[in-house]
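**Student:** okay, predicted coordinates and the sequence, questions at the end:
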Amino acid sequence: MVLHVRVFGMLQECTGTTALELNDSSIATVGDADAVLRRRFPCLEHLTYRVSRNAHFAGRGQALEDGDELALLPPFSGG
Amino acid sequence: MAPPFRHTAVPRSLHQIAACMHLVDGPIDAEAFRRALSGEAAASGCGAVAEFVGMVRADLVDAKSTTADEQPHTRAVEAIVYEAYAPMAERILAELEREIQKASGAMLCRIRHSVGAVPAGTASMWIGVAAVHRAEAFEALRSAVDRVKVEAPVWKWERFAGGESGQQPPGSSTPDAAPHKPPARQADDRKTAGRWVTGPQSPSSF
């Protein structure tokens, strides 16, 4: 499964990037993808963020499909 | 000069005719939006129009030095660089407009938010509401301002005076790169150029 991951705000300091791809056949859910990302970027363990799937907030158990876009969303600070 | 982020906001020259778009590239021309809303309000029989204009302040903030002791020193904010998750932000802001109109009884609610660099002293957010009576207008306006700040997927990075005007937030120059840590020197340069502002929202991870 190929997933497109976007990274926003201060999480970019942790990951060093704004976007990346995950290509991992073991990923089936949002929680699986988040676990892979946390292994790759251990600094995420210490940060607060939510995950969206295709621009909608997603829970850990939500199933993923090939080509989905995930986004890591730290607390918003607009205005 | 390259923009600090890659985003999909409407180009500045077009944003005033794209009424359905909520994200605006750079500073907001509040006067243009106010005129448009006033025209709509008059045509809709509204007796009250209220607006909120959010401006970027030239705050003095404590920023970490790049010296070994990492002592903070004062820096002036010359601009705020806004980043948005555009497809999600557009949808959420449109939903907010509809929900606020329904809850408050206001007839019109319009929300616009900047993306990209907004210099100190210029506007980064504009919210306008129109209602038959002032009470609904004030209620709608306060609700809209409060909700945008915590519900719209927008983030701000304060750019300090004295840095390079094209300085980008950490990580933003490598959008397609494989996971890596930025070079230490580069990261230090960016710490002196600006900082991310932490939002009030504190969601759990899921």
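**Tutor:** Arrived safely.
**Student:** mind listing what B:Arg98 touches?
**Tutor:** Counting by C-beta atoms under 8 Å, 6 or more residues apart in numbering or on different chains, B:Arg98 makes contact with B:Cys109. Every residue, glycine included, has its C-beta placed from N, CA and C.
**Student:** so how far is B:Ile111 from B:Met125?
**Tutor:** From B:Met125 across to B:Ile111, the span is 8 Å (C-beta to C-beta, to the nearest Å).
**Student:** likewise A:Leu22?
**Tutor:** Following C-beta to C-beta, the distance that separates A:Leu22 from B:Ile111 is 33 Å.
**Student:** more neighbours, those two?
**Tutor:** Per other C-beta atoms under 10 Å in any protein chain shown, whichever of A:Leu22 and B:Ile111 has more neighbours is B:Ile111, with 24 against 19.
**Student:** lowest-scoring secondary structure element of chain B by mean pLDDT?
**Tutor:** When each helix and strand of chain B is scored by mean pLDDT, DSSP states H and E, helix B:184-193 comes last, with a mean of 52.
**Student:** who's in contact with the next helix or strand after it?
**Tutor:** Next along the chain after helix B:184-193, taking DSSP states H and E as the criterion, comes strand B:194-196. For strand B:194-196, the surrounding residues in contact (C-beta under 8 Å, 6+ apart) are A:9-10, A:13, A:77, B:61, B:63, B:81, B:155-160, B:163, B:167, B:169.
**Student:** are any of the residues you listed buried, and which?
**Tutor:** Buried members of those, scored by 16 or more other C-beta atoms under 10 Å in any protein chain shown, are A:9-10, A:13, A:77, B:63, B:81, B:155-160, B:163, B:167, B:169.
**Student:** hmm, back to that, intersection of neighbour lists for B:Met125 and B:Ile111?
**Tutor:** Applying C-beta under 8 Å, 6+ apart, one finds that B:Met125 and B:Ile111 are jointly contacted by B:Val148.
**Student:** count the residues that sit near residue 50.
**Tutor:** This is for chain A. 19.
**Student:** my question was about chain B, not that one.
**Tutor:** By the measure other C-beta under 10 Å, the count of residues near B:Ala50 is 20.
**Student:** also B:Ala79?
**Tutor:** The number of residues packed near B:Ala79 is 26, by other C-beta under 10 Å.
**Student:** tell me who's in contact with the nearest residue to A:Ala58 once chain neighbours are set aside.
**Tutor:** Closest residue to A:Ala58 apart from its sequence neighbours, by C-beta to C-beta, 6 or more residues apart in numbering or on different chains: A:Val30 at 4.6 Å. By C-beta under 8 Å, 6+ apart, A:Val30 lies in contact with A:Val51, A:Arg53, A:Ala58, A:Gly59, A:Arg60, A:Gly61, A:Gln62, A:Leu64, A:Leu70, B:Phe206.
**Student:** list phi and psi for A:Val30.
**Tutor:** Main-chain dihedrals, A:Val30, degrees, to the nearest 10: phi -60, psi -40.
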